[in-house]
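K.L.:
Kindly generate the corresponding structure for this input.
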Amino acid sequence: MSTSELGFLAENLAARYLEKKGYAILDLNFRKTWGEIDIVASKEGILVFVEVKANRKIIAGFEPELRANSSKIVKVVRTARTYLAEKKYDPEQEWQIDVISIGLDEPRGVAKIRHFKNIDV
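P.N.:
Next up is the predicted model:
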């Protein structure tokens, strides 16, 4: 499985996970030259910008969320602000950054999904 195939699979798993948790998916792969937002969702009036991280294997100490470091989150925040402006959201619109971590266990055909909500920058 290539890196792009892993990313596509992980983003689809994350989107389905969010839908099951009551989120509405508004956008996928919003890209700018300085950053990308994997998933834009909404729940209870709050916009949620989701960074998805995945590993092909589940290995303790190498969890995917560890790659969502502060410099990555700063890029997501900048891209989220651009999204809000381009889509003409009210300046008072509530929003947050979430990280979804997916560890794949391919031989068993399962995924371990962890959702970190409202990440601080």
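K.L.:
I'd guessed Asn29 sits against Val40; true?
P.N.:
No. Counting by Cβ atoms under 8 Å, Asn29 does not reach Val40; the two are 9.4 Å apart. Backbone N, C-alpha and C define where each C-beta goes, glycine included.
K.L.:
out of those two, which sits in the more crowded spot?
P.N.:
Val40 (22 against 12; other Cβ atoms under 10 Å).
K.L.:
Doesn't Val40 belong to a strand?
P.N.:
Yes. Membership of Val40 in a strand is supported by DSSP: H, G, I helix; E, B strand; the rest coil.
K.L.:
Now do the same contact list for it.
P.N.:
Residues counted as contacts of Val40 (Cβ atoms under 8 Å, 6 or more residues apart in numbering) are 25-28, 30, 47-50, 83.
K.L.:
Just the ones of those residues in helices?
P.N.:
Tyr83 (DSSP state H).
K.L.:
tell me which of the contacts of Val40 is nearest to Asn118?
P.N.:
The closest of the contacts of Val40 to Asn118 turns out to be Val48 (Cβ to Cβ; 8.6 Å).
K.L.:
Please, where are all the strands along this structure?
P.N.:
Using DSSP state E, the strands of the chain run over 24-32, 35-43, 46-55, 95-105, 110-116.
K.L.:
ok, the first one: who's next to it in the sheet?
P.N.:
By that I understand strand 24-32. Strand 24-32 sits in its sheet next to strand 35-43 (antiparallel), going by DSSP bridges.
K.L.:
The partner strand versus strand 95-105: what angle between them?
P.N.:
Relative orientation of strand 35-43 versus strand 95-105 (axes from the mean of the first three to the mean of the last three Cα atoms, to 10 degrees): 100 degrees.
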